[in-house]
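Q: After the sequence you'll find the predicted model.
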Amino acid sequence: MSALLSSLLFFAAGAIGAIIFANRERWATLLGAGGVVLGCLCGFVPAARVALGGAAQSLRMPWDVPYGSLFLQIDTLSAFFLIPVFLLCALAAIYGAEYLEAYRGRKALAPPWFFFNLLVASMVVVLLARNGVLFLMAWEMMALSSFFLVTFEDEKETTRQAGWIYLVASHIGTAFLLVLFVLLGRANGSLDFNRFTASSGAGLLFVLALVGFGTKAGFVPLHVWLPEAHPAAPSHVSAVMSAIMIKTGIYGLFRVLTFLGAPPLWWGFLLCGVGLTSGIFGALLALAQQDLKRLLAYSTVENAGIIALGLGVGLIGLNAGMPAVAVAGFAGAFLHVINHALFKGLLFLGAGNILHGAHTREIDQLGGLLKRMPRTAAIVLVGAVAISGLPPLNGFIGEFLIYLASFKGAVSLDGASSAAMLITIAGLALIGGLVAACFTKAFGIVFLGHPRSERAAHSHEAGLAMLLPGFILAAGCILIGLFGAKVVEAMAPLIAGTTGLAISLVRTNLAEIAHSVAAVSYVGGALVSVAMLLALVRAIALSSRPVRTAVTWDCGYAQPSPRMQYTASSFAQPLTETFGLLLQTRRIVAPPHGMFPQSASLTTQTPDPYQAYIFRPAFRAIGRGFSLLRPLQQGQVQLYILYIALTLLLLLLWQLA
Amino acid sequence: MRSLFPLLLAITLAPFIQGVINRTKAFVAGRTGPPLAQPYHDLWKLIRKGAVYSQTTTWLFRAGPVVGLAATICAAALLPFGAFPAAMAFSGDLILLAYLFALARFFIVVAALDTGSSFEGMGASREVTFSALAEPALFLGIAALARQTGHLSLTSVLAAISTGTWMHAAPALSLTIGALMIVFLAENARIPVDDPATHLELTMIHEVMVLDHSGPDFAMIQYAAALKMWLLGALIIAIAFPWHTDNPWLDGIAGLTGMLALGIITGVIESSMARLRLVRVPQLLIAAIVLSGLALALVPK
């Protein structure tokens, strides 16, 4: 525990140091980034030790806040989520030190470092807090510090807009959590987590937690802030927000489930439904995007959906008394948390490199970057293969576990449960296909072909500090792909702690799953060897033959230009058309006219349907409702004195009655 | 040793199926047609040729066919044939099989985009579209078989399907075969989804994606396509011809006869109907999803 406390001290020192040296930006950067890196290093070891089955440690101090207590504890669940927090934040800080250099002179660099340290510290406290008040305070600090990071480039109108949407969405989520903790506290007489026990009305509590934490995790339809906030933030902050900050929502859900006792069947169904909706909508909307970071934000929604699917399948298994299904489902959900942190962090950092090197996030403005940014291309390719859930990388292992759980359930369960499993299987398959389409598009259009604009043609590779974190994350993706079985087996204490199943039972089931995962990794290894062998065969076959270069086959057309290439929108068009009913893509067409047409244009836009058709009208209606109160605000002092007098009168009458 | 047999069989006999299909089509059209071994000659010819690369392309274009073929060969190690078990069998290998095909597809698509050509972009876009819809049909079909037999490994699932299974679960099995047949035609770029015979026709999928590949690279792509066809075909045949005698060689011969029949059926389908309009293809694939969904509903439990 003391190591974790000292890591919090490092974050505090980093934050304060950055502010003290606000005028000397090099020092502010050094202290800000240094605080995060040192704090993360300091906290990583105890987190890893507890996650692997070490004893839980706690710390309790008196606190003057009503109902609050300074109650911190690290158990396997907290420790498991702390590992990616420390890993990603340290790497993002190293990355940010170079990334923010580009803003030197234009923007003050001390505030982002101050808030970055604060964000990391608040995430750690969220994961450690064992008291409702403390938890909500840390939760709020996390939301506020990330709000200030999102609005870093506040001179842009879109960024300010994104910041407001994020702030409002965050607080709507927090409102539900407030009710959740008040209800839990009232039933148990204390706001300390260890006093929370299964109570009546668990269903209501579960729904409150799902909405409150789901807002942070990005479940559809509560996801609307993600595609706004993630693109607006600086890339290393987007990486941290998308890869781990949203995972605090998932953590909250897992944590609350441990209070609520045996799960009824409908919780599993609800989570599967939420997971499928998020997964399919997230993947479809990601596919339709033309802004690279917006695409990644929607893909985060999709991945949150996959985690929810794993959890839902696990809960159904738990309810049916089938530990094999439950353990595989929970293991899949947990592994996907880590996996998504690795490859989404990697992809956002890669997107940062692209933005840094080519100065645009518009996919249709890019192209041919592989030749100009070969190292970034290599790590982004690893991320794209991993996020598409393809073997032999980590993304496949996580999805494989969820598939395995659903197949086991589909084979042995009956009725509605079995139908839920089958729908999950089909949904996962559809999501997998859509994501592969999305990331072949993102990678192919950005990195391959000819540059589509001057900016892309003059792009340049990023420096070492912006590449090294990506390489480390890519190595993580490969290692989990090859040694997934070890990771799965190490999750036994975690799963036993969260599901309440006996640890020996969990171990037996995990050993069986690990056997399959090891076989998958074995095939992955074989795949690499076969590919190397084939590459050798190809090299030998070509060694004595003429190898020429020419232009791409153009059907004899003499003047092909980069503008004739397929664009991101055209690549995605068949799928967006097929799912047009769900996406509501708008087409603005100005067709060519006459014998010698001078101009023609075609624009497609896919705004978020939930934002456009639900939230915006709803908030507009609320705004109209409040404007009815406007006559009360006349700006006349006499009127306000009248209000005060009336209020006093009412209060007196109430007191009398 | 016996478990290597399906892998070796697939590797050696895969191009043969294409020969059978082409011969059937020629026969229906009243021609003699190319010899059955023509695909082997074509591959051999391609391997001995040099290659032309586009200036636009990068190392990914060269890596595409290599990874595509490697993934397909690994997939071949997961599928049993007749009474011979697969080289690797474990709980959940049916998921890996589908995702190895997806990996191959990812790299072929990325290699196609590497050329910066509209044609290949078009093919790539269609490939990802139709496979995204074929995937749920394939998975539901496999799930129907898993639920039918209670196993999660391809070797055990296919070993558990026998003529006895057909006696009491014929409707479910036929619907599954129907769904898998549509997936087979779509994934292997055959009529009615794609026409393998037309070159440079804008309505195509697979052929247009590999327009710029030449020499050994093209040989690898063609061979991987043949192998994939063999594998998806062998899956269907294992359900449709589930004769299990005591003699594994006899079972193997039954399986090979089945593959021959599948080649002939595919040839007849290609001769008797035209390619669907592109906008109709998703409907066909959704029909496959519905078929496998119905099969699942009919699985007796």
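A: Happy to help now that I have it. Residues are numbered from 1 along each chain as shown, chains lettered A, B, ... in the order given.

Q: can you list the weak-confidence ranges in chain B?
A: Applying pLDDT under 70 to chain B picks out residues B:199-203, B:300-301.

Q: ok, for the residue of the stretch 51-200 of chain B found nearest chain A, nearest residue in space, not its chain neighbours?
A: Using Cβ to the nearest Cβ, the closest approach of the stretch 51-200 of chain B to chain A is made by B:Gly121 at 2.4 Å. Just so you know, the C-beta spots here come from the backbone N, C-alpha and C atoms, and that holds for glycine as well. Closest residue to B:Gly121 in three dimensions, ignoring its sequence neighbours and counting by Cβ to Cβ, 6 or more residues apart in numbering or on different chains: A:Tyr566, at 2.4 Å.

Q: Mind telling me what element that neighbour is part of?
A: Using DSSP states H and E, A:Tyr566 is not contained in any helix or strand.

Q: Number of residues surrounding A:Ala55?
A: 9 (other Cβ atoms under 10 Å in any protein chain shown).

Q: Pretty sure it sits in a helix.
A: No. Counting by DSSP: H, G, I helix; E, B strand; the rest coil, one finds A:Ala55 to be coil, located in no helix.

Q: any idea how far it lies from chain B?
A: Separation of A:Ala55 from chain B (Cβ to the nearest Cβ, to the nearest Å): 34 Å.

Q: same check, this time on A:Tyr643
A: According to Cβ to the nearest Cβ, A:Tyr643 and chain B sit 61 Å apart.

Q: How about that residue: what's its closest non-neighbour residue?
A: That would be A:Leu632: by Cβ to Cβ, 6+ apart, it lies 7.9 Å from A:Tyr643.

Q: ok, which stretches of chain B are helices?
A: Applying DSSP state H to chain B gives helices spanning B:5-28, B:38-47, B:59-76, B:93-114, B:118-149, B:154-160, B:163-187, B:206-209, B:215-240, B:248-272, B:281-298.

Q: Whatever residue of the stretch 201-301 of chain B ends up closest to chain A: what's its closest spatial neighbour, skipping adjacent residues?
A: Residue nearest to chain A within the stretch 201-301 of chain B: B:Pro216 (4.3 Å; Cβ to the nearest Cβ). Distances taken as Cβ to Cβ, 6+ apart place A:Ala541 nearest to B:Pro216, at 4.3 Å, with adjacent residues excluded.

Q: Okay, and that neighbour sits in which element?
A: Using DSSP H and E, A:Ala541 falls in helix A:503-543.

Q: Report all helices and strands that that helix contacts.
A: If you count contacts as 3 or more Cβ pairs under 8 Å, 6 or more residues apart in numbering or on different chains; DSSP states H and E, helix A:503-543 packs onto helix A:323-358, helix A:394-412, helix A:464-482, helix A:484-490, helix A:492-499, helix B:59-76, helix B:93-114, helix B:215-240.

Q: Repeat the analysis, applying 7 Å as the threshold.
A: The contact analysis (3 or more Cβ pairs under 7 Å, 6 or more residues apart in numbering or on different chains; DSSP states H and E) places helix A:503-543 against helix A:323-358, helix A:394-412, helix A:464-482, helix A:484-490, helix A:492-499, helix B:59-76, helix B:215-240.

Q: Look up the closest residue to residue 185, ignoring the ones flanking it.
A: As the question left the chain open, I've gone with chain A. Using Cβ to Cβ, 6+ apart, the closest residue to A:Gly185 is A:Leu191 (4.4 Å).

Q: you looked at the wrong chain, it should be chain B
A: B:Val193 (5.7 Å).

Q: what number of residues lie near that neighbour?
A: Using other Cβ under 10 Å, the number of residues around B:Val193 comes to 25.

Q: again with B:Ser174
A: 16.

Q: Below-threshold pLDDT in chain A: ranges please.
A: Residue ranges of chain A with pLDDT under 70: A:558.
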